[in-house]
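Colleague: Here is my input, please return the structure:
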Amino acid sequence: MKTSGTSPALSVLPPPLDGEPLGLYVHVPFCGTTCDFCAFHQQTPQKGEVRQYLDLLARETLLAPLERPLDTIFIGGGTPGLLSPGQIRELGKIILEAYGEPRQEWTVEMTPASATPARLAAWQEIGVSRLSIGAQSFQPNYLEKLGRMHPREKIFEAFATARRAGFDNINLDLMFALPGQSWDEWEADLREVVALAPEHVSTYCLTFEEDTTLWWKLSRGEIRRDEDREIEFYRKTPMWLAKEGYDRYEVSNYARGGFACVHNVNTWKMGEWVGLGPSASSQQGGWRGTNRSGLEAWGQDLAADRRATIDRLPVTPLTRAVDRLIFGLRMPGGVEEKVLEKVLQQTCNPGWESLWEKLQGEGLVIRKRGKGLRYHLSAEGFLLADRIGAEILAAGEG
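Modeller: Coordinates of the predicted model:
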C-alpha cells in the first residue's frame, strides 16, 4: 500500500479561478431500466422522445443566457450514455453553441454498459474531459440486489475502453452497507477499485428513498438495515482509501491529488449553477428553483417562457451562508469562522448559538486554526453529517 502523505485540503482540490465559479448541469432523464435504489427522475425513452428532449433543451438554452463563461459542465441522469453517438454530438452542439466550452471540467455520468467505443469517441469529440462510471459493486449477488443490469465484467471492460479512448480523469461510484454485506465483502470491492487506479472514487451508503423498490422491500421486512455495520464502513473506509493515495475531500468522495470534482466542489461552496432539463435545479442571479419533471410538464413551462418553477425562491445572504455552513462542514477543509459569524449576525433564531454550543460540546464540531479560524466536523461528526446538516437547516429556517 502507498500513502499520500499530503493534506487533503491542499492536494486534492484544484486551485480556484478568479471570480465566482459558474457551472452547468444538464439532466438527461432516460434510463433503460430503473435501479432498485434510484429516486431520481428518469424514464424509459419512447419513440420520438429523445428528439423531443433535444429540441426542448435547445429551447431552454435560449431562456438561460449567461453573462460570464462556464467553468464546469456536468451531464447527469438518468443515463446520458443511453444516447446514441449522433444524439451525443447533437447534445454537445446545443451546449457549445449556447455557452462555449467550460474553462475547467466537463463530466458525464454513464453506466458500464453504455461505455462503448463509439459513444466514448462522441463524448470526447464534444469536449468531455471526465467520466463518472456507476460501478456500484463488483460482486454479482449485490449487483442483482441493487437491480443493476451489468455483469461485473462490464465494469472492467468499460474502464479499459475509456482508458484506450484517452480519458485520464475517471471516477468510479461504489455503494456500501448493502443488505447482508460484510466488511470483508466491501473491502473486496475497494481492492477491485484501487487495482483499476481511477483518479477519483465515490462511496455512497445505501439509502432507502421513499417509493423505490428497496424502500418497499425494507418496509415489508424483506431486507433490513444494520446501522452498526454502516458505522463500521464509515469509520474504516477513509483510512483504507487514504493508504492507497485517495484523500477524502467530502463525506462520500475521494481523489488523488488535483482530481476532486470541480463541478461538485463549486456547488457545495454555494457558487452559481444553471440547471437544464426536466427536474434540474438552478441557483443563479439571486434565486434558486427546480424544473418540473417529465418531458410534457417541462415542455409546457418552456413554451410559456418559464424555467425552474418548482420551489423558486430568492437566495438571501442568510440562506446562502447557512448552505455554505452545511455543505462546507461535509468537507475536511471545513468552513471559515466568518461564515458562522454571518449566520449568527443575520438569523433571528435564538436557538442558533445554543445549537452550535451543543455540537461543540458533543465533540461533533471542532474549531481549528489553519489559514484563519475554521470549523470542522470531528471523526464522530462525519458519521452524523446528515443529522447535523438537518439540525443546522432547521435552525436557519427558524
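Colleague: switch to C-alpha atoms for all contacts and neighbour counts from now on
Modeller: Fine.
Colleague: hey, which helix or strand in the chain has the poorest pLDDT?
Modeller: helix 213-219 (a mean of 45; mean pLDDT, DSSP states H and E).
Colleague: And for Leu70, the neighbour number?
Modeller: 20 (other Cα atoms under 10 Å).
Colleague: now swap in Ser114 and tell me
Modeller: Counted with other Cα under 10 Å, Ser114 comes out at 21.
Colleague: and Ile126, how far is that from Arg51?
Modeller: 19 Å (Cα to Cα, to the nearest Å).
Colleague: In terms of neighbours, single out the busier of those two.
Modeller: Neighbours per residue, other Cα under 10 Å: of Ile126 and Arg51, the larger number sits with Ile126, 18 against 11.
Colleague: Which residue is the nearest non-sequential neighbour of that one?
Modeller: Nearest residue to Ile126 in three dimensions, chain neighbours excluded: Gly92, at 5.4 Å (Cα to Cα, 6 or more residues apart in numbering).
Colleague: same for the helix or strand just after the least confident helix or strand of the chain, what does it pack against?
Modeller: Using DSSP states H and E, the helix or strand that follows helix 213-219 in sequence is helix 227-243. If you count contacts as 3 or more Cα pairs under 8 Å, 6 or more residues apart in numbering; DSSP states H and E, helix 227-243 packs onto helix 183-196, strand 247-250, helix 379-383.
Colleague: State the next helix or strand along the chain beyond the longest one.
Modeller: With elements assigned by DSSP H and E, the helix or strand that comes after helix 183-196 is strand 200-205.
Colleague: Give me the sheet partners of that next one and which way each runs.
Modeller: strand 170-176 (parallel), strand 253-255 (antiparallel) (DSSP bridges).
Colleague: Distance to Trp268, mean pLDDT and mean neighbour count added to the ones you listed, as TSV?
Modeller: Output for the strands paired with strand 200-205, formatted as TSV (distance: least, Cα to Cα, whole Å; pLDDT from 0 to 100; neighbours: other Cα atoms under 10 Å):
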stretch	distance to Trp268	mean pLDDT	mean neighbour count
strand 170-176	18	94	23
strand 253-255	12	97	24
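Colleague: Could you measure from the residue nearest the centre of the chain over to Leu22?
Modeller: Centroid-nearest residue in the chain, with Cα atoms, centre = their mean: Asn264, separated by 6.1 Å. Distance of Asn264 to Leu22, computed by Cα to Cα: 11 Å.
Colleague: And Ala188, by the same measure?
Modeller: Counting by Cα to Cα, the separation of Ala188 from Leu22 is 38 Å.
Colleague: Pull out the C-alpha coordinates of stretch 76-92 and format them as PDB.
Modeller: Extracted in PDB, the C-alpha atoms of stretch 76-92 (Å, rounded to 0.1, in the frame of the first residue of the first chain):
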ATOM      1  CA  GLY A  76     -26.200  13.500 -15.400                       C
ATOM      2  CA  GLY A  77     -29.300  11.400 -15.300                       C
ATOM      3  CA  GLY A  78     -30.900   9.100 -15.900                       C
ATOM      4  CA  THR A  79     -28.200   7.600 -18.100                       C
ATOM      5  CA  PRO A  80     -26.700  10.100 -20.500                       C
ATOM      6  CA  GLY A  81     -24.800   7.200 -22.000                       C
ATOM      7  CA  LEU A  82     -28.100   5.800 -23.400                       C
ATOM      8  CA  LEU A  83     -27.900   8.400 -26.100                       C
ATOM      9  CA  SER A  84     -26.600   7.300 -29.500                       C
ATOM     10  CA  PRO A  85     -23.300   8.800 -30.800                       C
ATOM     11  CA  GLY A  86     -25.300  11.000 -33.100                       C
ATOM     12  CA  GLN A  87     -27.500  12.200 -30.300                       C
ATOM     13  CA  ILE A  88     -24.400  12.900 -28.100                       C
ATOM     14  CA  ARG A  89     -22.900  15.000 -30.800                       C
ATOM     15  CA  GLU A  90     -26.200  17.000 -31.200                       C
ATOM     16  CA  LEU A  91     -26.400  17.400 -27.400                       C
ATOM     17  CA  GLY A  92     -22.800  18.800 -27.500                       C
END
